[in-house]
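1. sharing a sequence plus its predicted fold:
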Amino acid sequence: MTYHEILTQLQALSSEKTAKIYTRFGVKETVLGVNKGPLRKLAESLGTNEFLAQEAWDSGIFEMRLIAITLTDPKWLTPQKVEAWVVQTDSLPVIDELCFTWFETMPLGMEQIRTWIDDLSLLHQRLGWNLAIVKAHRKKLADTDLRELINRVERELQVAPSLIQDAMNRCLVEISVTNPEFTQEGLELGERLGVYKEVMVAKGCTSPYAPDWINAVLRRKQK
């Protein structure tokens with residue numbers, strides 16, 4: 001399928017209501033308004049194609065960029081490739097989609113996490129914390145690495161810029177729910193730091209406040 005054929009299908013699936021939702025949630029690219037379900041189904045049918053992936057990314061269209069992420073074969077990926085695309089977008093939904101898709105297969109570890117979270121660029125720091133989230137979830141980090149990350153959260157979470165704070169907070173939650181030896185410490189640390197404690201959430205939604213979030217995940221795991 002060519003770029004223009006993909007675009008034609010996306011336009012047929014678009015809606016103004018969905019476009020407004022994406023914009024409200026921080027998407028800065030041009031938005032067509034295609035629901036994630038049909039979008040992912042289309043993306044998965046395309047396989048991998050490096051040239052088409054780059055063409056889709058360069059379009060600057062939100063839905064095309066999500067397809068570009070799926071079109072990218074893991075063997076083409078390097079930290080430099082991640083950085084090259086991330087600096088071209090201001091949209092956290094795009095950055096996070098890229099990270100949580102690509103990092104599942106990239107053979108990166110604590111050394112790359114440190115490189116990114118110590119970078120002066122806030123975007124690179126977000127990459128580092130997102131990588132830490134994925135590796136913690138997959139249990140690909142040693143206890144000493146997890147301890148290092150928790151210590152950093154303890155020192156920096158309260159004063160971190162918002163771009164980093166939510167990723168750092170999510171990392172604390174991920175470590176706490178996937179590593180029982182850190183669960184109690186995560187609960188106590190989240191309570192002591194108090195970040196997001198006052199955030200109001202809609203009924204049925206999970207609070208970003210770490211103790212509430214950790215307990216909610218643990219309850220779901222027990223069902």
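-> The structure has been received and is ready for your questions.

2. can you list contacts of stretch 206-217?
-> Residues outside stretch 206-217 that contact it (CB atoms under 8 Å, 6 or more residues apart in numbering): 166, 169, 172-173, 176-177, 183, 186-187, 189-191, 193-197, 199, 201. For the C-beta atoms, the positions are set from N, CA and C on the backbone; glycine is no exception.

3. can you say which of these are buried?
-> Neighbour counting over the contacts of stretch 206-217 (16 or more other CB atoms under 10 Å) leaves 166, 169, 172-173, 176-177, 183, 186-187, 189-190, 193, 195-196 as the buried ones.

4. what's residue 61 sitting at in phi/psi?
-> phi -90, psi 130 (degrees, to the nearest 10).

5. about what we covered before: what about the buried ones among the contacts of stretch 206-217, which are in helices?
-> 166, 169, 172-173, 176-177, 183, 186-187, 189-190, 193 (DSSP state H).

6. can you lay out those residues as CSV showing pLDDT?
-> Below are these laid out as CSV (pLDDT from 0 to 100):
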residue, pLDDT
166, 96
169, 98
172, 98
173, 98
176, 97
177, 97
183, 97
186, 97
187, 97
189, 98
190, 97
193, 97
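
7. those: which two are farthest apart?
-> Spatially, the most separated pair among those is 166 and 183, at 20.6 Å (CB to CB).

8. for residue 204, which three-state class applies?
-> coil (DSSP: H, G, I helix; E, B strand; the rest coil).

9. what is the burial count for residue 70?
-> 19 (other CB atoms under 10 Å).

10. distance of the residue nearest to residue 43 when sequence neighbours are not counted relative to residue 108?
-> Nearest residue to residue 43 in three dimensions, chain neighbours excluded: residue 70, at 3.9 Å (CB to CB, 6 or more residues apart in numbering). Computed as CB to CB, to the nearest Å, the residue 70 to residue 108 distance reads 19 Å.

11. cool, residue 62 as well?
-> 26 Å.

12. and the two? Which one has more around it.
-> Just comparing residue 62 and residue 108: by other CB under 10 Å the higher neighbour count belongs to residue 62, 26 against 21.

13. got the phi and psi for the spatially closest residue to that one that is not a sequence neighbour?
-> Distance criterion CB to CB, 6+ apart; nearest residue to residue 62, sequence neighbours excluded, is residue 29 at 4.1 Å. The phi/psi pair for residue 29 (degrees, to the nearest 10) reads phi -70, psi 170.

14. count the residues that sit near residue 29.
-> 21.

15. that one touches residue 93, doesn't it?
-> No: if you go by CB atoms under 8 Å, residue 29 and residue 93 don't touch, sitting 9.4 Å apart.

16. what touches both of these two?
-> Shared contacts of residue 29 and residue 93, counting by CB under 8 Å, 6+ apart, come down to residue 62.

17. report the central residue of the protein.
-> Most central in the chain under CA atoms, centre = their mean is residue 96, positioned 2.8 Å from the mean C-alpha point.

18. so residue 43 touches residue 66, yeah?
-> Yes: in this structure, residue 43 is within contact of residue 66 by CB under 8 Å, at 6.8 Å.

19. quick one, which of these two is more surrounded?
-> residue 66 (24 against 20).

20. got the residue ranges for the helices in this structure?
-> 3-13, 16-24, 36-44, 50-58, 62-71, 79-86, 92-102, 110-117, 122-137, 143-156, 162-178, 180-193, 210-222.
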